[in-house]
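Engineer: Okay, here's the prediction I keep looking at, along with the sequence it came from:
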Amino acid sequence: MDSVLCSSQESFIPSAFQLPNSGETFWKRHWGLTAPNSEEIRFTEHNDLAKFLQVAKEVGVLVILRPGPYINAESAGGGIPGWVTNIPGLARTNATDYKAAWYPYISEFAKQITPFQYPDGPVIAIQSENEFYTSAKAHIAGLDEHMQDLIDTYRSNGLTKIPTIHNDRNAGGQYAHAGLGKVDLYGWDGYPLGFDCDNPSKWAELSTRGTNWGNMHTHTIYSSYDYGAAIREDRTLTPKLDELKLQASFLHASPDYLLVGRVGNGTVGQGTAYSTSADVYTTHLNSPSTDANFYVVRQLTNAKTTNTNFSLRVNTTSDGEVTIPKSGSLTLAGRESKIIVSNYPFGSSKLQYSTAEIMTWATFDGVDTLIAYALAGQTVEIVIDNPTSASVATAGSRSVTATKNGKTVTISGSPFDITVVTIGKTRIIVADKKTASAFWAPRLAVNGTGLDHYDISPSVPSVLVKGPYLVRSAAAHGSTLQLTGDLNATTTIDVFASRQLTGVTWNGKSVKLAESDIGSLRGTVALPGDLHSVHLPVLSDLEWKCADSLPELNVEYNDSKWVLANKTSTLRPQKPTAGKRERNRCKALDPGVRTLGLQHQKQKYILTCAVSRGYSFGYSAFINSHFLGSGQGSSHSQDGVDILSPTFNFTAGQLLPGDNDNINDEFKTPRGIRGYTLLSTDGSDFTEWRLAGNIGGEHGPDAVRGPYNEGGWWFERVGAHLPGYNASSWDSCTPYEGISAPGATAYRTTFNLNLPRNADVPLAFDLTLDSVNPHRVLIYVNGWQFGRFLSSLGPQTSFPVPEGILNHHGKNELLISLWALETQGAKLTKLELNARTVVSSSKTASVDVVAAPGWKELRENVVTN
């Protein structure tokens, strides 16, 4: 039998992310993960919503939920399962069949979270739909009714204590006004700085993001958009977290900000010009409660990357409107913005104004303590009321000085490290921005066992801790301050707290302390010695086994168990472009395709296919073992080539007596071969098409890893990626040797890990780009697909795999598939397992290996081919 092979591949994002220092998590739940088919709703395993919310309740994280049915989130179908594509009714409307599809999922979702509504639990809001237009705006009937149906379903199934919210596509007021579908709280999607997937160094508005897990990506992105995140998917902290921490700490410590109204905004020649520079735009906010003022100053354009010096008009209680600073100038670095305050109260003290930004403040033993900061090299001017003419003392760095002027004190200079200025019962800590970002301001659990996490107001006592990589909690037990947190190095800590706290413990161990020159309690916390060198296996030194993953090219290959593609019509709006048969829907995962026919041996043939797989897809085509060609999409900025129309020429000499076939690795209908035309001198055509997709289709047997984990490659169908698969009959070869011809090979190995149990060691598989020998790689770890690597498109080259998927204290089974796209073949010049960081961790939860079935449970009694 002759064969034509076409293989294609697309390139999810974690379903939840935490907003740093805000104590809030946004959970986006993919309907398709929970409902692999129309008969099942599974809130189990990693879909266990109740378990997630219970953990959030225990640790004090507030939760906003986005169940969809459409969530976007750059996920497959925007969350809508593949099986819904065969429903003729228009999705995201009140079409009867579409509502019948989503209703069981949304109603069960509501029932699951009802016990966790605030204040009984952490859920504070639920989002209806996503970036959704009204019928009047979109000129499509049934949109408003669909929105109202969702809200009614939430309410009728118990969600009566929390508000509904909407994420409008832009500030268009969709569902903000009275009428069908109106939500309780309106909001919109905003990217003031934009985002560019081709240029990860460009500023982007992300908190945490991550890599594709299985086949859960949308067709417009590559595997990951982890770039720009404050907390990477491996949980390591980035410099962006410092900025978010500084801002969140300021807003939490500034309740006046909740009451502000906008007084004016503009720049020179436009609106109200508060500054002296046309390059600076200012928004003036005022609190009617205390007359505190907040001036948001920013560069007029984020394209400006150089400094802008200016003066600013502000209002003060004592002197009315003044221009600040009185000496020198304010500075905005390129792309920088600041919040400048005046009439700013903290405790019993008040700032008249400050050209330095404020991080936070707390009161210890009647002393109001405030942290102010600016970028290194910039100058600051801070004026504080001193009604009692108290004396002034300065400690620490001499880069900043303080001058007493009657009933005020002026602090000025260029911050470097820490300067502490004490004025009676007021203490100002002035730091450069990098030093300020090393501070943490955990709220104090006075009984040493925790507190009601949900209502952490500024009045809840806190402490200021500088130095550690992460401070998780602080509690007072007698005279001891009990700190828990993480370290990535031996660290000096400084603690500002009540003098009643004379001792400090770090993760349960006593810290030797001394009072420092800046008035803090200072000590050293050491990184455990066993974390200075963590041993990881060298993958190139391991014993590897390999097998051809395209046995379909073999003339003797038996495809009789494959599904006959005999549909002649489809309910989908996307029709095949050409050919005799409609494509069977792929049941949400990657099928293969096989064609039979072409028995006229003296012909020349031209085969043209329309192949659609997404902007980063690829395909290869063969006739029998003869390579016809490969191609790839071109992905840039969520745009690119989505459909390719390759033309293949082959002759009768490349055919064998009998029939011929075609295979395609498809992800999601209508992804795959959208149509074909076969030209020959006598008009002959293929007589039959057959398909082979993932095992079980919509009813796949792996309920733990879920319906998006595996596709239709041979190695996936036989379960070679699963723990316990017997590869002893495979050849001995490595992905570093690779293959010398186009095709696909699966490589398998095992290794052991024995990492310290007191550590958090995020691990990643690292590869390198190669456009000369283009290839694609799938990474399976203990049966879980955790990476798709595109050597010539990238840009992602590092694929983190969390503990629990990787066994940090035992055996791991790794499968790497290598798909070479060109005639010269391909090999991996780099495949390494590396630690992203090594952190001494105070995490209390143990991370066990996720209990998931292996080959014996999922394939031993299954007929595969």
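Structural biologist: Arrived safely, thanks for sending. Numbers count the residues shown, from 1 in each chain.
Engineer: Quick check: phi and psi on D242?
Structural biologist: Listed backbone geometry of D242 is phi -60, psi -50, with angles given as degrees, to the nearest 10.
Engineer: now it, nearest residue through space, not along the chain?
Structural biologist: S437 (3.6 Å; C-beta to C-beta, 6 or more residues apart in numbering). (Glycine included, C-beta is placed from N, CA and C.)
Engineer: likewise Y257?
Structural biologist: In space, and not counting its chain neighbours, Y257 is closest to L251: 5.7 Å by C-beta to C-beta, 6+ apart.
Engineer: tally of neighbours for the one you found?
Structural biologist: For L251, the number of neighbouring residues by other C-beta atoms under 10 Å comes to 15.
Engineer: name the element it belongs to?
Structural biologist: Under the criterion of DSSP states H and E, L251 resides in helix 239-252.
Engineer: cool, and Q148?
Structural biologist: helix 143-156.
Engineer: R788 now?
Structural biologist: Mapping R788 onto the secondary structure by DSSP H and E places it in strand 784-790.
Engineer: just the helices in this structure please.
Structural biologist: Taking DSSP state H as the test, the helices found in the chain are 31-34, 49-59, 96-113, 135-138, 143-156, 239-252, 433-436, 714-717, 855-858.
Engineer: Just the residues contacting the third one, thanks.
Structural biologist: Helix 96-113 is contacted from outside by 29, 31, 34-35, 38, 41, 43, 49-50, 53, 65, 67-69, 84, 87-92, 121, 123, 126, 146, 149-150, 153-154, 156-159, using C-beta atoms under 8 Å, 6 or more residues apart in numbering.
Engineer: Show me the shaky parts of the stretch 401-550 of the chain.
Structural biologist: Within the stretch 401-550 of the chain, the set of residues satisfying pLDDT under 70 comprises 446-457.
Engineer: any idea how far G78 is from D702?
Structural biologist: The span separating D702 from G78 equals 23 Å under the rule C-beta to C-beta, to the nearest Å.
Engineer: Pull out the buried residues from the helix holding L251.
Structural biologist: Residues of helix 239-252 classed as buried under the neighbour-count rule (16 or more other C-beta atoms under 10 Å) are K240, L241, D242, L244, K245, L246, Q247, A248, S249, F250, H252.
Engineer: List just the nearest of the residues you listed to G825.
Structural biologist: K240 (40.7 Å; C-beta to C-beta).
Engineer: Do I have it right that the closest one meets R232?
Structural biologist: No. Because the distance of 9.8 Å does not satisfy C-beta atoms under 8 Å, K240 is recorded as not touching R232.
Engineer: now S520: how far from A497?
Structural biologist: Following C-beta to C-beta, the distance that separates S520 from A497 is 9 Å.
Engineer: Looking at I221 now. What's its pLDDT?
Structural biologist: In this prediction, I221 carries a pLDDT score of 64.
Engineer: average pLDDT for stretch 845-857?
Structural biologist: 91.
Engineer: All further residue positions should be reported with the first residue as 811.
Structural biologist: Noted, 811 is the first residue going forward, which turns the last one into stretch 1655-1667.
Engineer: what about that stretch, start to end distance?
Structural biologist: Length of stretch 1655-1667, first residue to last, C-alpha to C-alpha, to the nearest Å: 29 Å.
Engineer: For S1283, give me its contacts.
Structural biologist: Neighbour list for S1283: P1252, A1255, G1260, Q1292, L1293, T1294, G1295 [criterion: C-beta under 8 Å, 6+ apart].
Engineer: Okay, now the unreliable bits of the stretch 811-960 of the chain?
Structural biologist: Scanning the stretch 811-960 of the chain with the threshold set as pLDDT under 70 gives 811-837.
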